[in-house]
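S.K.: For reference, the sequence and a predicted model appear below.
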Amino acid sequence: INAEYMGVVFNGEISWLKAQGKAPIKLSPLESEPEIKRLRALGNTFFAAGRFADATKVYSEALELTAMSEFQGLRVPLLSNRAQCFLQQELGENALRDAEAVLLVEPTHEKCILRRAEALLFLQRPQEVLSALTQALTGGPAFENRRATLKKQTMRALQESLGNYNELAMCHEAEAAGKGNVSRSHSDYFSEDIRIGPSDRCAGQGVFAVQNLAANQLVVAAKAFTMEPQSEKNKETVVSHESYGSASHSGSQVVLLNKTMVKLRTESQASLKEFFQLSSGKVFDAEKAAQSLPLDIVKGILDCNSFAIHSSPIATACARAQWSRELGRYPTPKELAQWCEERDFTFPTGSGLWLKPSFFNHSCCPNCTWYTIGDFIFVRLIRAVSAGEELFVPYVSPDMPFPIRKDKFANWGPTGFTCKCERCEFARSTPSIITLEAECMAAFNLAVELKADNVGDPVDKAIPAKRMERLVKQFAQFPLKCQTIFAFVCELQTGRHISKGQITDALEWSHRELSIRNASGFGDPQALQRLHLTRGGCFIMAGQLEKAHHHFYKSRELCGEWISGKLPFVELCAIYAMCPLPLFPIVEQVAAELDIEYKRKAVGRM
């Protein structure tokens, strides 16, 4: 046998030889069998070491030899092993193809029945998984535990395909995974109540409500196409990189681009088509791009559409729960900061690309909010929307003043964009609001600093009475959805009046903040929950129990859906603990009493 040729064969280049018109030499059975067995053993060694890409390559080389020899029977274990390698690399379509090739020859091959089911689950086809599992149920006891686990995952996937996620369990799963990933068996969800279509807000696509939708409703949940958490290795800013020119970019962005290019080379045409439907900041031929994978277009798509990793309210709640339990009470802000510093605790950061969520356009007064759990993103409604209304998410925090938002949008992606939402248009036509927003933010930051230093009445020192009266009158002239920054002042005033026992005034200011948040979209469920807890406690102190119960129930509903009712309301209050400290004992006591009643009513509604 030609040694040079054999060297080419064992580097996995038989297909290349065929493409060059060089017919490979057909090995005799005597020559093929030991090489096939040697390659299979080498592949098994790579697999055991976790080198799944190398194992795939070696199994493929062995399969090339079986195709040219009389050892067709050896293809079954090789295909079965390669299917498992593909699963480990999250290449679901390849795994499915190999598993089905085995089942054509051996319909009762139990490993490949299970591997086919796992591939279908990864490909978001849970209904077919259940059908596949009925075959596996008749097999021997050796795989009973694996079948049971797979069936449990499938039932969960079916529930998730309806939008029912146990986000608390996913948080624990992501934490245990270390890198922030959750199981590949979780299903994506794209509500039937929304659609993607042309947007009047921009030249591209947007997401629209098909029918009236309720506040807090989940509309999208999706696993990342690619994601790169911030780490010690990539957190430093990269000043230059061949794909980024001379501009400064974080290491995670560079790694994300590299990961995306690698992934695109293994994706199906359907996935490539979906990827290149996204905006890159310039006009390009999507069909040609899917064939050639131009680096500049891929980079533009990432720059325009990638999301920063934004911890979910449940992840935040779990962290607060841990340090609250350690202290035995709700900690002060200084204690929280110290707790984080001592344990080197940080919430995950980085960036990622999620395909369908990328179709949501931006607004500074959005009707949706988003957050991530591991490599999953969730998009929920902040307020009720009407059929036909476009759904928007904030690309930057809505609490930023107009000049800062404007600068960020100007540098967004390759070309930037101009936000045409109601808030930005109003700021352009009414420059006085820009000055007032800056005044509010300065006063808010000063009050926070004074409070941290335990200075008397920090709010009164930061915003004296006459100045407050002027701000109230001036902001009252603006539409509610344009008063977002004034909500910070309302929050300060609410806490100030509660600390002085002025409950009527506290209710007035908290109502004003709630109205602003509901109108402007500056009200993710966690912030709204804090407001309802605060108002509930105030109404208890005012002796208005019916109104208090209404706000406590509202608060419970806002967070109850996130965690599928896994925690009692009293613990939810303890871990969020967002209401002002003087109210917390009251809220906690009433929450314990209401928890049983809430559960009774919830069961009655089922």
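M.R.: Perfect, thanks for sending it. What you see is a predicted model, and the numbers here were worked out from it, not measured in a lab. Numbers count the residues shown, from 1 in each chain.

S.K.: just the helices in the stretch 101-250 of the chain please.
M.R.: Using DSSP state H, counting those that start in this stretch, the helices of the stretch 101-250 of the chain run over 110-122, 126-136, 144-160, 167-177.

S.K.: Deepest-packed of those helices, please.
M.R.: Scoring the helices of the stretch 101-250 of the chain by mean neighbour count under mean count of other C-beta atoms under 10 Å gives helix 110-122 as the most buried, with a mean of 25. No exception for glycine: its C-beta is placed from N, CA and C like everyone else's.

S.K.: Compute the inter-axis angle for it and helix 144-160.
M.R.: Orientation check (axes from the mean of the first three to the mean of the last three C-alpha atoms, to 10 degrees): helix 110-122 against helix 144-160 gives 20 degrees.

S.K.: hang on, the earlier thing: dump the helices of the stretch 101-250 of the chain to a markdown table, plus mean pLDDT and distance to Val448.
M.R.: Formatted as a markdown table, the helices of the stretch 101-250 of the chain follow (pLDDT from 0 to 100; distance: least, C-beta to C-beta, whole Å):
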| stretch | mean pLDDT | distance to Val448 |
| --- | --- | --- |
| helix 110-122 | 85 | 46 |
| helix 126-136 | 70 | 48 |
| helix 144-160 | 73 | 40 |
| helix 167-177 | 75 | 28 |
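
S.K.: Same list, those, but as a markdown table with distance to Ser432 please.
M.R.: A markdown table is the format used below for the helices of the stretch 101-250 of the chain (distance: least, C-beta to C-beta, whole Å):
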| stretch | distance to Ser432 |
| --- | --- |
| helix 110-122 | 55 |
| helix 126-136 | 55 |
| helix 144-160 | 48 |
| helix 167-177 | 42 |
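
S.K.: For Leu293, which of these is the nearest?
M.R.: Each of the helices of the stretch 101-250 of the chain has some distance to Leu293 by C-beta to C-beta; the shortest is helix 110-122, at 22.9 Å.

S.K.: Show me the one of the helices of the stretch 101-250 of the chain that comes nearest Val254.
M.R.: Nearest to Val254 among the helices of the stretch 101-250 of the chain is helix 167-177; the distance by C-beta to C-beta comes to 23.2 Å.

S.K.: For the closest one, name the packing helices and strands.
M.R.: Contacts defined by 3 or more C-beta pairs under 8 Å, 6 or more residues apart in numbering; DSSP states H and E place helix 167-177 against helix 313-327, strand 368-373.

S.K.: Can you name the next helix or strand after the shortest one?
M.R.: Toward the C-terminal end, the helix or strand that comes next after strand 368-373 (DSSP states H and E) is strand 376-381.

S.K.: which residues touch the residue nearest to the spatial centre of the chain?
M.R.: Among the residues of the chain, the one closest to the centroid is Ile377, at 1.9 Å (C-alpha atoms, centre = their mean). With contact set as C-beta atoms under 8 Å, 6 or more residues apart in numbering, Ile377 has these partners: 220-222, 224, 307, 352, 354, 357, 370-371.

S.K.: ok, now how distant is it from Ala222?
M.R.: Separation of Ile377 from Ala222 (C-beta to C-beta, to the nearest Å): 6 Å.

S.K.: Which neighbours do these two have in common?
M.R.: Residues within reach of Ile377 and of Ala222 at once, by C-beta under 8 Å, 6+ apart, are 354, 357.

S.K.: Near the nearest residue to Gly204 once chain neighbours are set aside, how many other residues are there?
M.R.: In this structure, Gly204 finds its nearest non-sequential neighbour in Ser279, 5.0 Å apart by C-beta to C-beta, 6 or more residues apart in numbering. Using other C-beta atoms under 10 Å, Ser279 has 22 other residues around it.

S.K.: Val182 reaches Glu173, doesn't it?
M.R.: Yes. Using C-beta atoms under 8 Å, Val182 makes contact with Glu173 at a distance of 5.0 Å.

S.K.: what sits in contact with each of those two?
M.R.: Joint contacts of Val182 and Glu173 (C-beta under 8 Å, 6+ apart) are Gly374.

S.K.: Can you tell me which of the helices and strands packed on helix 167-177 has the worst average pLDDT?
M.R.: Lowest mean pLDDT of the helices and strands packed on helix 167-177: helix 313-327, a mean of 57.

S.K.: before we move on, the earlier item: hey, what's the residue nearest to the centre of the chain bridged with?
M.R.: Ala222, Thr372 (DSSP bridges).

S.K.: Would you mind identifying the helix or strand in the protein with the lowest mean pLDDT?
M.R.: Using mean pLDDT, DSSP states H and E, the weakest-scoring helix or strand in the chain turns out to be helix 3-9, at a mean of 31.

S.K.: coming back round to it: nearest approach to Glu61 belongs to which of the helices of the stretch 101-250 of the chain?
M.R.: Nearest to Glu61 among the helices of the stretch 101-250 of the chain is helix 110-122 (20.6 Å), distances taken as C-beta to C-beta.

S.K.: Which elements pack onto that closest one?
M.R.: Packed next to helix 110-122, using 3+ C-beta pairs under 8 Å, 6+ apart, are helix 75-88, helix 92-105, helix 126-136, helix 144-160.

S.K.: which stretch among these comes nearest Glu449?
M.R.: Across these, the minimum distance to Glu449, taken as C-beta to C-beta, is reached by helix 144-160, at 44.2 Å.

S.K.: next one: that closest one to chain centre, how far?
M.R.: Centroid separation for helix 144-160 versus its chain: 23 Å, with C-alpha atoms, centre = their mean, to the nearest Å.

S.K.: With stretch 258-267 instead?
M.R.: Distance of stretch 258-267 from its chain centroid, counting by C-alpha atoms, centre = their mean, is 20 Å.
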